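Student: Just the structure for this:
(chains A and B, ligands or ions: 2)
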Amino acid sequence: MSILEVKDLAKCFGVTEVLKDISFSLAEGESLAIIGSSGSGKTTLLRCLNFLERPDKGYISVRDRVLYDSDAPASLSEKDIRKNRLHFGLVFQSFNLFPQYTALENVVLAKQLLFKEEPGYKKNKKAINEQIQAEGKALLDQVGLENKRDLYPHQLSGGQQQRVAIARALALNPDVLCFDEPTSALDPELTGEVLKVIRGLAQKNTTMVIVTHEMQFAYDVADKVLFMDDGLVVEYGTPQEVFDKPSNERTKRFLERYRNAEN
Amino acid sequence: MTFLEVTLRLLEGFKITCLIFALTLIFSLPLGLVISFGSMSKFSPLRYLVKVFVWIIRGVPLMLQVFIVFYVPGFLFGAPVSSRFNAVIVAFAINYACYFSEIYRGGIESISHGQFEAGQVLGMTKGQIFFKVILLQVIKRILPPMSNEVITLVKDSALARVIIVVEILKVAEELMSTNAIIWPLFYTGVFYLIFVGVLTLFFNYIEKKMEYFKV
Ligand SMILES: Nc1ncnc2c1ncn2[C@@H]1O[C@H](COP(=O)(O)OP(=O)(O)OP(=O)(O)O)[C@@H](O)[C@H]1O
Ligand SMILES: [Mg+2]
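Tutor: Numbers count the residues shown, from 1 in each chain, chains lettered A, B, ... in the order given. Ligands and ions are numbered 1, 2, ... in the order given. Sure thing, here's the model as predicted:
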């Protein structure tokens, strides 16, 4: 049973077709690594999933709920879009933590705001807030930051900031957690700690879409790998299929370049 | 006139100076925010209209604007502005709102787009993103230019005297012409300096308060 279904997704910016025809599906608990050269549209794809960009064409559903379908166009209100977004989480390349909040506050803020809109909030305010705080702390524990809760983003290293960002994205229990090159903004010695957290999530069967340039990591962690080039899905399969015996010339060339760069 | 008498007279004028200062801020700070949203609107006719308006207000001397607000309604509608003081407040509030709007706009646009997007992907509303995420960062960013503007306002308030609103400098001028003494005029400087000194301390305090985070 697939949890995420993407069909024929297309997106242009002006005359540049960034996504031409993207289709894939993802089963619950699986992690999908998306690889591809710079400018192939990986970020744009994640942004479409998170409704930061509006696709021009295609279909997106999560748990059989249609979130976007260009064949049955419905003008989405801001409220609908917000609801759609909650199916997804997104971890940015540049963390984007809120600087004026502590690590813990960053993690719990959105959830607090969400609960304030609930009808029964006023009555159970205290209990709800305690619950949210406890969950936030547990998430920070999970990413190995139990003693950094009360520090502000500028007091944390890049790797720690990214781990807070992961905890923040997890706080809303998204169906699909997306990562956009979560380690590219980090010094090499800090990538390990972040990859370790993502690895841990994969072991706990978190459904994830991970755009990454870390090929070894994709090979080890992902259940499926998707190679994108020029707005198209060129290759899709298990890591063994894509990395060890790619069928497409373009995939071969891309992987070749990586191997050369690494050696 | 004794020193005490002069001080008391000047204090009366200073009260008006403070009132002009406070009322101008009360009206222009929020009005500036509205104007800044207009100047960032996605609806281009509105955006251009607002930009032209800001250009005019910032391009014309404040003194002239005070005259215009005071006299023009009388010319046009035969309904002169009844209160000189109100005319000053209206002119000042609009003028300062335009300056503030540009400071706000600069501040808001300087916040990385990633902050808005991080809020969006967490399901926050536009209002929540603005008030819970962006605003404090903007305030921290714009504090230095705002303190400049606010300190300028203290001294600009003296322009009210051109339509005979009796603020502190006007009082000093009156004392000068009726009593043939000039020192009260210089003495007003002390009032301004103390006022600006207090404001400077206030802004330093706020800046200190916001040192706990970096933007
Ligand atoms: N808002 C935009 N307006 C115009 N063009 C855009 C916009 N966003 C992305 N593009 C273009 O779309 C193409 C794909 O960009 P995208 O960021 O999705 O690539 P990417 O695969 O994530 O690349 P990278 O590996 O460098 O992050 C690029 O050519 C880029 O210039
Ligand atoms: Mg990218």
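Student: Chain B versus the closest residue to ligand 1 within the stretch 51-200 of chain A, what's the distance?
Tutor: Here the residue of the stretch 51-200 of chain A nearest ligand 1 is A:Glu181; by Cβ to the nearest ligand atom that distance is 6.3 Å. Bear in mind the C-beta positions are built from the backbone N, C-alpha and C, glycine included. Look at A:Glu181 and chain B: by Cβ to the nearest Cβ, to the nearest Å, they are 13 Å apart.
Student: Nearest residue to that residue in space, please, no chain neighbours.
Tutor: A:Gln93 (4.6 Å; Cβ to Cβ, 6 or more residues apart in numbering or on different chains).
Student: How about B:Ile206?
Tutor: Using Cβ to Cβ, 6+ apart, the closest residue to B:Ile206 is B:Leu143 (6.4 Å).
Student: contacting residues around that neighbour?
Tutor: B:Phe203, B:Ile206, B:Glu207, B:Met210 (Cβ atoms under 8 Å, 6 or more residues apart in numbering or on different chains).
Student: Tell me the confidence at it?
Tutor: In this model, B:Leu143 is scored at 96, pLDDT.
Student: State the three-state secondary structure for it.
Tutor: Classification of B:Leu143 using DSSP: H, G, I helix; E, B strand; the rest coil returns helix.
Student: of all the contacts of B:Leu143, which comes closest to A:Leu186?
Tutor: Distance ranking of these against A:Leu186, using Cβ to Cβ, places B:Met210 first at 27.8 Å.
Student: Settle this for me: the closest one is touching B:Gln137, isn't it.
Tutor: No - using Cβ atoms under 8 Å, B:Met210 is not in contact with B:Gln137, being 9.5 Å away.
Student: dump the residue contacts of the residue nearest the centre of chain B.
Tutor: In chain B, the C-alpha nearest the mean C-alpha coordinate belongs to B:Tyr96, at 4.1 Å (Cα atoms, centre = their mean). The contact partners of B:Tyr96, taken as Cβ under 8 Å, 6+ apart, are B:Thr24, B:Leu25, B:Ser28, B:Gly32, B:Glu149, B:Leu153.
Student: For burial, what's the neighbour tally of the nearest residue to the first one once chain neighbours are set aside?
Tutor: Distance criterion Cβ to Cβ, 6+ apart; nearest residue to B:Thr24, sequence neighbours excluded, is B:Phe92 at 4.2 Å. Here the number of neighbours of B:Phe92 (other Cβ atoms under 10 Å in any protein chain shown) works out to 26.
Student: so who does B:Phe92 touch?
Tutor: Residues in contact with B:Phe92, defined by Cβ under 8 Å, 6+ apart, are B:Ile20, B:Thr24, B:Ser28, B:Leu62, B:Val66, B:Leu153, B:Asp156, B:Ser157, B:Ala160.
Student: same thing but 10 Å
Tutor: Neighbouring residues of B:Phe92 by Cβ atoms under 10 Å, 6 or more residues apart in numbering or on different chains: B:20-21, B:23-25, B:27-28, B:62, B:65-66, B:69, B:153, B:156-157, B:159-160.
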